[in-house]
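Asks: Need the 3D shape of this:
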Amino acid sequence: MTTRYLVFIILFALQYTGLNAQTQTPLRNEINSKLINNEQCTMDWYTMREDKKIMIAKIFTEIRKSKSEVLITTKVKMVNSTSDWIDSTRAKLPNLLPIAHSSFNGQRDMVLQFGKTITGYYLRKPANEKTAINEIAEGSYFDSNIYPQLIRWLPLKENYKTSISIFDYNPQAGKGIMKAHIKNTRKDIYKDKDVWAVEVTDDITDNQSTVIFYIDSKTRKLLRQEINMGARKMFMELSAD
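Replies: Residues are numbered from 1 along each chain as shown. Now for the predicted structure:
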């Protein structure tokens, strides 16, 4: 085999696998915006304790799509709590460039406005300590709140792997732009439906937590999530209510 022929093979292999290995950003991605639709769903959130599942919350998600934007709102109603957790994220279509993110719960409030500079505030309760946010985040990224949904809109196939550039604000961790990582994608069956089982870690948890998303291969609806945090196991599944 000549050196020239070997170089040709290497270049072809890099071109063939390049998209699958790329980092997804609003500037360069494989998102199929036609898969984004108006929808509502309710999931039950359980933790496992001594082989018994214990319900800890209900999660209500609504996706509203217009010609130019998508709005995703999530409400988490914890069992035995009067304080709901409400998150929303707005992003431009078709590339999901972040516009705004808000998060409100009993412990803290957070509002982010995305642009050349990320502005907003972080309010710690009940100490009533408010921190103004004014950060420059260089590079292209998605809002961290959108990436679990974004996975559904990628060209999933056997052994599909990629990374997703995200911004996550955490005043304690001191992190900004980081990545979520699709480690593997495989075919599976869940409740007699063909699904993609997508294994994901992220830098938010220092890749110590693994989440497996079970996504209907036809409708691209999320049917189940399994969260493995060492000895702690949790899962979410579509509510029967």
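
Asks: and residue 47, bridged to which residues?
Replies: Following DSSP bridges, residue 47 is listed with bridge partners residue 54, residue 234.

Asks: wait, residue 40
Replies: Beta-bridge partners of residue 40, as defined by DSSP bridges: residue 62.

Asks: how far away is it from residue 75?
Replies: 11 Å (C-beta to C-beta, to the nearest Å). For the C-beta atoms, the positions are set from N, CA and C on the backbone; glycine is no exception.

Asks: what's the lengthiest strand in the chain packed up against?
Replies: As assigned by DSSP state E, the longest strand anywhere in the chain is strand 175-190. Contacts defined by 3 or more C-beta pairs under 8 Å, 6 or more residues apart in numbering; DSSP states H and E place strand 175-190 against strand 162-170, strand 193-202, strand 210-216.

Asks: where do the contact lists of residue 40 and residue 75 overlap?
Replies: Residues touching both residue 40 and residue 75 by C-beta atoms under 8 Å, 6 or more residues apart in numbering: 60-61.

Asks: who has more neighbours, the two?
Replies: When residue 40 and residue 75 are compared for neighbours, residue 75 comes out ahead with 17 against 10, by other C-beta atoms under 10 Å.

Asks: now that one, nearest residue through space, not along the chain?
Replies: residue 60 (4.5 Å; C-beta to C-beta, 6 or more residues apart in numbering).

Asks: quick one on the thing from earlier: residue 110: which of the helices and strands packed on strand 175-190 is closest?
Replies: Smallest distance to residue 110 across the helices and strands packed on strand 175-190 (C-beta to C-beta): 6.7 Å, for strand 162-170.

Asks: and the angle for that closest one with strand 175-190?
Replies: 130 degrees (axes from the mean of the first three to the mean of the last three C-alpha atoms, to 10 degrees).

Asks: If I take strand 162-170 and strand 193-202, what angle do their directions form?
Replies: Using the same axes, to 10 degrees: strand 162-170 against strand 193-202 is 60 degrees.

Asks: Show me what strand 162-170 is packed against.
Replies: Packed next to strand 162-170, using 3+ C-beta pairs under 8 Å, 6+ apart, are strand 23-24, strand 118-124, strand 142-143, helix 147-150, strand 175-190.

Asks: That'll do, ta.
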